[in-house]
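S.K.: build me a model from this:
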Amino acid sequence: MPRVFVPGRVCLLGEHSDWAGARAARDGPGACVVVGTREGVSARCDVGEGPRFRVVGADGDAFECDVSVDDALEREASSGGYWSYVAGTALEVLRRFPRCRERGLVVETLETTLPTRKGLSSSACVCVLVARCFGVAYELDLELKDEMELAYRGEAVHTPSKCGAMDQACAYGSERVVALTFDGEDVDVRACEVDGEIHIVVCDLAASKSTVRILADLQGAFDRGDEALRSALGARNRALVAEGLDAIKRGDARALGAVYTRAQTTFDEAAIHICPSELTAPRLRETLAAVAHDVPETVFGAKGVGSQGDGAAQFVAVSEAAAKTLRQYLHDFSGGRFKVFDVVLRDEERHARTSTHK
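M.R.: Reported below is the predicted structural model:
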């Protein structure tokens, strides 16, 4: 059986700009920059023996249904339950490629290393995984943009999720830096060049947050015309993303860290009061403050992750050695509760060539 891997993603800059850019032409396009994680979901897949779709989780739990008609997939997707994302994506793929119904698909999850509900696109990861498994098993010749579209529609159209279109950039792979712009229904995706290496330390805060609540509150305020929020997710965000991309292209960690700090302040000033139950985020604030006080020499800047809230934090490390020190500090600070990992921003093709010749 063919094996498939899809990573999570970290939004470096531009949280919430995907749905904002899709909603309001007068505010200009949304913009963000993301990078794939090393952590993700691996699975093996194959066509089945009849019109059935079966997915087995890493813990052995499974979802299975008849796909000769849409009823079962529609019910599961609309339920918003654990299997809703895989059902929604399967539904989207089968409507696009009806020949896949005759024999269905079997997906066996081998390993899951990506934390869930932490702003690391765990739901988009599994949606891309299902789309990719169909593509591999049936030789559909799907391009990355096709996988992203199927995964996005599988989640946004068929489940209760109100996600935007940035999360599916995890399709580009681990440690690939990708810039996206969102102008109405148009999404532009391009891989970014990186000169040198920038080390980002990501920390699962071992707390909880409700992305659904954050999205509902922010989108409601946005649609009611909250000018501060629209500016923060529009023109001010575009300026920050452009500055951050320039720093990434130059390999300038110090400059990127400064952008991180300003981006977090911009978001906080515009958004905390709209969803205080989630965005006050005491665990995030405590962790950022502790790092700034105890090990300031290890970081150039820090901010929240994904929809923000108490899911995860990210830090621009001063160097590879500083990233190691920071990871150990966060482990000790949390008494081992935090899951900490790093992502390296670099030119993957250049890195691969260098590694080959070592």
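
S.K.: phi and psi next, for Ala20.
M.R.: The phi and psi values for Ala20, taken as degrees, to the nearest 10, are phi -70, psi -40.

S.K.: wait, what's in contact with it?
M.R.: Asp27, Gly30, Gly164, Phe182, Phe222, Arg230, Leu233, Gly234 (CB atoms under 8 Å, 6 or more residues apart in numbering). Bear in mind the C-beta positions are built from the backbone N, C-alpha and C, glycine included.

S.K.: and if we set it to 10 Å?
M.R.: Shown in contact with Ala20 (CB atoms under 10 Å, 6 or more residues apart in numbering): 14, 27-31, 164, 182, 218-219, 222, 229-230, 232-234, 237.

S.K.: equivalent analysis for Gly244, please.
M.R.: Residues in contact with Gly244 (CB under 10 Å, 6+ apart) are 12-14, 31-33, 179, 252, 255-260, 262-263.

S.K.: just to revisit the earlier point, restricted to strands, list the contacts of Ala20.
M.R.: Gly30, Ala31, Phe182 (DSSP state E).

S.K.: can you select the buried ones from the residues you listed in ChimeraX?
M.R.: To isolate in ChimeraX the members of these that are buried, counting by 16 or more other CB atoms under 10 Å, one can use:
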select :30,31,182
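
S.K.: and the ones in strands among the contacts of Ala20, which is closest to Val299?
M.R.: Comparing the ones in strands among the contacts of Ala20 against Val299 with CB to CB places Ala31 closest, at 24.4 Å.

S.K.: would you mind naming the residues that bridge with the closest one?
M.R.: Applying DSSP bridges to Ala31 gives these bridge partners: Thr181.

S.K.: wait, it touches Asp18, no?
M.R.: Yes - contact criterion CB atoms under 10 Å: Ala31 and Asp18 qualify, at 9.3 Å.

S.K.: any residues in contact with both of the two?
M.R.: Met166, Leu180, Thr181, Phe182, Leu233.

S.K.: for those, which one is nearest Phe333?
M.R.: Once CB to CB is applied, the member of the shared contacts of Ala31 and Asp18 that ends up nearest Phe333 is Met166, at 29.9 Å.

S.K.: could you count how many residues lie near the closest residue to the closest one other than its chain neighbours?
M.R.: Distance criterion CB to CB, 6 or more residues apart in numbering; nearest residue to Met166, sequence neighbours excluded, is Asp18 at 4.2 Å. By other CB atoms under 10 Å, the residues close to Asp18 number 26.

S.K.: any idea how far Leu73 is from Asp18?
M.R.: 25 Å (CB to CB, to the nearest Å).

S.K.: ditto for Ala216
M.R.: 25 Å.

S.K.: quick one: which of these two has more around it?
M.R.: Comparing Ala216 with Leu73 by other CB under 10 Å, the one with more neighbours is Leu73, at 27 against 13.
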